[in-house]
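In: 3D model of this:
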Amino acid sequence: MEPGRKKTDWLKERWFYCFAAAVAAIVYLLLFDRYLLNDIDDTWTTAWVYYFIHDGQTKDLVFMEQVPEYWGVRFFSHLFCWIYGGFLSLIGFTRANVHLLSNFFMFAGFGCWYWIGKRIWKSKEMAFELVLLLAMSTLFLGAANKGRSDAFIFFLQSASLLLFTGQYYFSSVLVLCLAVETHPIGIMGGCYLAAYAASYDRELFRLKNWKALLRIAAGGFAGFGFYLLMHHSELFNISDLSQVLDAPSNFLYMHFFGRGHFPWRYWPDLFLFAAAAIWIVHSCLRDKKLSFPLNASVFLLLASFLIRRGNFHYALFCYPAFLMLAEEAFGKLNVKKIPLLLLFWIGLQLPQFCFLYYKNASCRDYDVYLNFLSDAGFPSDSIIYGQPADWFGLQKYRKFRSLTHFHPPKSKFYLIEHHETRYQQPDLKPVAPEGFRLTVIRSIRLPSGGEICIKEAVPSR
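Out: The predicted model follows:
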């Protein structure tokens, strides 16, 4: 029997689970490669991978050429580059293919959480519901349709916890180290391991299970050895990391309160998680036993204050614990079966998905846009400045630079201007380079609206 749940009509539950799974599948199919049309991280991360694979370049030249200390993939992400780059070299460095890989790793992570939930709750139904809650979150749908490494890290963290629940301690910690090598935020996965030990293996949590501790240490040493193998040439430059870090902040605060567009849209999530936490704390104090979701949530919350990074994308790695907390709370409240939580969650997320589909589905000229750029016939050594999304049509030009950090060169260059297109960065202001004569050499009006102009910029003197 699941915690706090009475016998229910399994046929009715099965019908609802199938309905929810069908809704999730439709959402992922309709919004595949259409979640965001101008996401800067699609280019930012994919350009790292492309130039790492083709040129062995570890610095960020497209966005941060003027900031040589910026790490690019100097200190992290070599495994990510090899895996994504290996597949993309076979199937093509397109935005859709990048999103396809992210979807694959996201669903692999969901599979891990199904088995994790099954081991913790001893219930297929609750485990499957957890997967549906994760899948129907805008955070996970968004990460599955971005070029960022978040989906890959999520999979590694999930696999690490799954191995840990099976007492494969060496493999678990090694996989966690791979997540950290991909990005330092991968260390958040350690909160789940610690929470599991605190909940189900107190001897290990109190550092008294020497056999397990030796395996954990061996996995850590193996992971550190892998890191040295990948990044030994940059070890003496590690101080560069501190020179380009953002101002200290908290990513959970930024997720719930600091977003630039619709900052209130995650407040219902926060209310749900806070209410669930209050009820679970009350239940745990009564039963004198802390649950895994509560332990994990507390550890993750503490880690968010220690890490002090303000990138709201990192909230993704806390949501499995928060959603497990909500699932346990709704089960213990006996609100007619936990699927009511799933119904509430779908009702909360579905309007956001419908808005995104309404906003982006009619925009079907992406290939027209990229073909216009790739057929422009720039000389091979041309310096080109454009919108981040332009890179996917111009990746073969090694001197393409994003207008996000515009530094006009001293010689002739080409400028790609977007006028109210769906692919431009909304916050990126037009540039007017002084001392250059601008000539329009090519332009196109897109069916989805807006115009793209390619201008030749020649020094006036």
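In: how about low-confidence regions in the stretch 1-150 of the chain?
Out: For the stretch 1-150 of the chain, applying pLDDT under 70 flags the ranges 1-13, 68-69.
In: okay, strands next: where are they in the stretch 151-300 of the chain?
Out: Ranges of strands within the stretch 151-300 of the chain: none, based on DSSP state E, counting those that start in this stretch.
In: show the pLDDT at residue 275.
Out: The model reports residue 275 with a pLDDT of 94.
In: neighbours around it, how many?
Out: The tally of other residues near residue 275 (other CB atoms under 10 Å) stands at 15. C-beta here means a position set from N, CA and C on the backbone, and glycine is covered the same way.
In: for residue 108, same thing?
Out: 16.
In: wait, what's in contact with the closest residue in space to it that isn't next to it in sequence?
Out: Closest residue in space to residue 108, ignoring its immediate chain neighbours: residue 155 at 4.9 Å, by CB to CB, 6 or more residues apart in numbering. Counting by CB atoms under 8 Å, 6 or more residues apart in numbering, residue 155 touches 105-106, 108-109, 112.
In: mind checking how far residue 155 is from residue 348?
Out: Going from residue 155 to residue 348 by CB to CB, to the nearest Å gives 25 Å.
In: do the same with residue 362
Out: Distance, residue 362 to residue 348, by CB to CB: 25 Å.
In: tell me the contacts of residue 40?
Out: Contacts of residue 40 (CB under 8 Å, 6+ apart): 388, 404, 425.
In: ok, and the most crowded of the residues you listed?
Out: In the contacts of residue 40, the most neighbours by other CB under 10 Å go to residue 388, 23 neighbours.
In: my guess is it contacts residue 43, does it?
Out: Yes. The pair residue 388 / residue 43 is scored as a contact, 4.1 Å apart, by CB atoms under 8 Å.
In: still on that earlier bit, residue 159: which of the contacts of residue 40 is nearest?
Out: Nearest to residue 159, judged by CB to CB, of the contacts of residue 40 is residue 388 at 31.1 Å.
In: what sits against the closest one?
Out: Residue 388 sits in contact with 38, 40, 42-44, 63, 402-404, 425, where contact means CB under 8 Å, 6+ apart.
In: what's the burial count for the residue nearest to residue 161 when sequence neighbours are not counted?
Out: Spatial nearest neighbour of residue 161, excluding adjacent residues (CB to CB, 6+ apart): residue 192 at 4.6 Å. By other CB under 10 Å, the residues close to residue 192 number 26.
In: I'd guessed residue 192 sits against residue 163; true?
Out: No. Counting by CB under 8 Å, residue 192 stays clear of residue 163, with 11.3 Å between them.
In: distance check, the residue most central in space within the chain against residue 307.
Out: Per CA atoms, centre = their mean, the C-alpha nearest to the average position across the chain is that of residue 150, at 2.9 Å. Going from residue 150 to residue 307 by CB to CB gives 15 Å.
In: kindly report the same for residue 348.
Out: If you measure residue 348 against residue 307 using CB to CB, the figure is 27 Å.
In: same question for residue 117.
Out: For residue 117, the distance to residue 307 - CB to CB - is 26 Å.
In: residue 363 too?
Out: Applying CB to CB, the value for residue 363 to residue 307 is 36 Å.
In: repeat for residue 76
Out: On the measure of CB to CB, residue 76 and residue 307 end up 15 Å apart.
In: the longest helix in the chain is where?
Out: Criterion DSSP state H: the longest helix present in the chain is helix 95-121.
In: can you list contacts of stretch 273-289?
Out: Outside stretch 273-289, the residues that touch it by CB under 8 Å, 6+ apart are 290-291, 293-294, 297, 322, 325-326, 328-330, 332-333.
In: would TSV of those with distance to residue 136, neighbour count and pLDDT be doable?
Out: As requested, those are exported to TSV (distance: CB to CB, whole Å; neighbours: other CB atoms under 10 Å; pLDDT from 0 to 100):
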residue	distance to residue 136	neighbour count	pLDDT
290	28	16	85
291	23	22	91
293	18	26	96
294	23	24	96
297	20	23	97
322	14	25	98
325	17	25	96
326	13	25	95
328	18	26	91
329	18	27	90
330	15	25	84
332	22	19	58
333	21	16	58
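In: which parts of stretch 161-179 are buried?
Out: 161-165, 168-179 (16 or more other CB atoms under 10 Å).
In: likewise stretch 350-365?
Out: Within stretch 350-365, the residues scored as buried using 16+ other CB under 10 Å are 353, 356, 360, 363, 365.
In: quick check: the gap between the second one and residue 141.
Out: Okay, so that is residue 356. 9 Å.
In: mutual contacts of those two, please.
Out: Common neighbours of residue 356 and residue 141 (CB under 8 Å, 6+ apart) are 31, 35.
In: re earlier: tell me which of the buried residues of stretch 350-365 fall in helices.
Out: In helices, defined here by DSSP H, the members of the buried residues of stretch 350-365 are 353, 356, 360.
In: now do the same contact list for the second one.
Out: It stands for residue 356. Contacts here follow CB under 8 Å, 6+ apart; on that basis residue 356 touches 31, 34-35.
In: what's the answer for the first one, then?
Out: When the contact criterion is CB under 8 Å, 6+ apart, the partners of residue 353 are 27, 31, 138, 141.
In: now render those as CSV, adding distance to residue 209.
Out: Output for those, formatted as CSV (distance: CB to CB, whole Å):
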residue, distance to residue 209
27, 43
31, 45
138, 40
141, 39
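In: how about the helices in the stretch 1-150 of the chain?
Out: Per DSSP state H, counting those that start in this stretch, the stretch 1-150 of the chain carries helices over the ranges 10-30, 40-55, 61-64, 78-91, 95-121, 124-135, 138-144, 150-165.
In: so which of those is nearest residue 224?
Out: helix 78-91 (13.9 Å).
In: more crowded one of residue 117 and residue 307?
Out: Comparing residue 117 with residue 307 by neighbour count (other CB under 10 Å), the higher total belongs to residue 117, at 23 against 18.
In: hmm, that one is touching residue 131, no?
Out: Yes. Counting by CB under 8 Å, residue 117 touches residue 131, with 7.5 Å between them.
In: residue contacts, residue 226?
Out: 79, 174, 177-178, 181.
In: what's the farthest-apart pair in these?
Out: 79 and 174 (11.8 Å).
In: just give the number of residues close to residue 30.
Out: So residue 30, with other CB under 10 Å, has 14 neighbours.
In: ok, residue 288 next?
Out: As a burial measure, residue 288 scores 6 neighbours (other CB under 10 Å).
In: ramachandran angles for it?
Out: Main-chain dihedrals, residue 288, degrees, to the nearest 10: phi 60, psi 40.
In: do you know how far it is from residue 125?
Out: Distance of residue 288 to residue 125, given as CB to CB: 27 Å.
In: now residue 352
Out: According to CB to CB, residue 352 and residue 125 sit 26 Å apart.
In: which SS class is residue 306?
Out: helix (DSSP: H, G, I helix; E, B strand; the rest coil).
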